[in-house]
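> model the following, please.
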Amino acid sequence: MAVMTPSFADLLMIDKAFNEDLMPELETILFCGEKLSTSTVSKLYSRFSNIKIINTYGPTECTFAVTSFEVPRNNNYENIPIGISKKDVKIYIVDENMNKLSEDQTGEILIVGKSVADGYCGNVTKKSFIEYEGQKAYLTGDLGYIHDGLLYYKCRKDKQIKYKGYRIELSDIENNLQQINCIERAVVTTKTGKDNKISNIIAFVKLKEENTVENIRKELKSKIPDYMCPKIKIIEEIPLNKNGKCDEKKLLEEY
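All right, here's what the predicted structure looks like:
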């Protein structure tokens with residue numbers, strides 16, 4: 001078994017030798033820590049004919065993964081589910097008033113049960129650790145929804161921004177960029193000015209085939225409104241932080 005982030009898998013696949021000839025005993029790849037894309041799954045299944053890919057979800061505050069979903073080989077998910085919760089945990093989608101939301105409604109992911117930690121060491125605020133229905137619970141800061149009994153992750157709550165008077169989910173821009181054929185991976189983030197207000201939305205894109213910023217922007221504008229269209233920067237690789245996740249801070253520094 002290999003346990004990794006999707007960004008680390010993409011890094012490994014730069015080398016064409018990363019396949020079942022190199023690792024014939026690899027049976028399962030378990031993903032956690034980042035959103036898993038259909039593109040990453042498809043490339044891995046094309047290189048490994050017998051592996052299982054399991055998508056999981058769970059913040060550190062809840063003792064690692066609390067959900068899982070085995071991704072089928074012939075999947076047509078635009079957004080791959082993060083699955084169902086383990087037996088000692090319940091997961092709800094709640095609004096700002098802690099009301100449970102119905103299926104297909106987007107809200108904050110709330111984890112309830114034995115996996116939830118007591119809090120942080122030291123004087124770190126514990127406002128995300130609450131009691132819910134008489135049990136320990138953790139407000140994750142992640143937005144998600146439930147469809148057909150499966151949990152889906154959308155984005156971090158702080159990735160839902162107000163820009164030029166509009167409410168925008170940066171994950172929507174990422175998803176639309178990644179539907180453009182020439183794009184392998186897109187990371188959308190924001191840059192703030194001196195007044196701490198958002199001055200720009202920036203999309204960093206890694207290409208799988210050559211194209212221009214002008215062509216990408218033109219295709220993107222056919223999918224989303226003008227006010228959502230970001231500045232686009234083509235990059236060679238997605239930098240990773242020490243946890244194997246996309247390093248957005250480094251991307252902004254290089255930009």
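
> tell me who's in contact with the residue nearest to L11 when sequence neighbours are not counted.
Leaving aside its chain neighbours, L11 sits nearest to L240 (6.6 Å; criterion: C-beta to C-beta, 6 or more residues apart in numbering). C-beta: built from backbone N, CA, C; applies to glycine. Contact analysis of L240 by C-beta atoms under 8 Å, 6 or more residues apart in numbering lists T5, S7, F8, L11, C246, D247.

> what's the local residue count around the last one?
The reference is to D247. 18 (other C-beta atoms under 10 Å).

> related to what we said a few turns ago, what about the contacts of L240, which are in strands?
If you go by DSSP state E, the contacts of L240 have nothing in strands.

> tabulate these (CSV), appending distance to L101.
Putting these into CSV (distance: C-beta to C-beta, whole Å) gives the following:
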residue, distance to L101
T5, 28
S7, 30
F8, 33
L11, 36
C246, 28
D247, 33
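
> just the closest of those to K86, please.
K86 lies nearest to T5 out of the contacts of L240, by C-beta to C-beta, at 20.3 Å.

> how close does the closest one get to C32?
7 Å (C-beta to C-beta, to the nearest Å).

> now swap in V3 and tell me
From V3 to C32 the distance is 7 Å (C-beta to C-beta).

> dump the contacts of L240 into a markdown table; add pLDDT as well.
Formatted as a markdown table, those follow (pLDDT from 0 to 100):
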| residue | pLDDT |
| --- | --- |
| T5 | 94 |
| S7 | 91 |
| F8 | 93 |
| L11 | 89 |
| C246 | 89 |
| D247 | 91 |
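
> of the residues you listed, which is the most crowded?
So for those (other C-beta under 10 Å), the most neighbours sit at S7, 24 neighbours.

> so that one sits right up against N241, yeah?
No - counting by C-beta atoms under 8 Å, S7 sits too far from N241 to count as a contact (9.1 Å).

> nearest the geometric middle of this structure, what residue?
K35 (2.5 Å; C-alpha atoms, centre = their mean).

> and that residue, which of the three is it?
Secondary structure, DSSP: H, G, I helix; E, B strand; the rest coil: K35 is coil.

> who's in contact with it?
P6, Y153, C155, S171.

> which ones among the residues you listed map onto strands?
Per DSSP E, those map to strands at Y153, C155.

> so where's the protein uncertain?
Applying pLDDT under 70 to the chain flags no residue at all.

> quick one: the helices in it?
Using DSSP state H, the helices of the chain run over 6-12, 38-47, 170-177, 213-221, 248-254.

> residues making contact with the longest one?
Helix 38-47 is touched from outside by 6, 9-10, 13, 18-20, 29, 51, 53, 71, 73, 75, 77-78, 80, 178, 184-185, with contacts defined as C-beta under 8 Å, 6+ apart.

> mind saving the C-alpha coords of it as PDB?
What follows is helix 38-47, C-alpha atoms only, in PDB (Å, rounded to 0.1, in the frame of the first residue of the first chain):
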ATOM      1  CA  THR A  38     -10.300  12.400 -12.200                       C
ATOM      2  CA  SER A  39      -7.200  13.200 -14.200                       C
ATOM      3  CA  THR A  40      -4.900  11.800 -11.500                       C
ATOM      4  CA  VAL A  41      -7.000   8.700 -11.100                       C
ATOM      5  CA  SER A  42      -7.200   8.000 -14.900                       C
ATOM      6  CA  LYS A  43      -3.400   8.300 -15.300                       C
ATOM      7  CA  LEU A  44      -2.700   5.900 -12.400                       C
ATOM      8  CA  TYR A  45      -5.200   3.300 -13.600                       C
ATOM      9  CA  SER A  46      -3.600   3.400 -17.000                       C
ATOM     10  CA  ARG A  47      -0.200   2.600 -15.400                       C
END
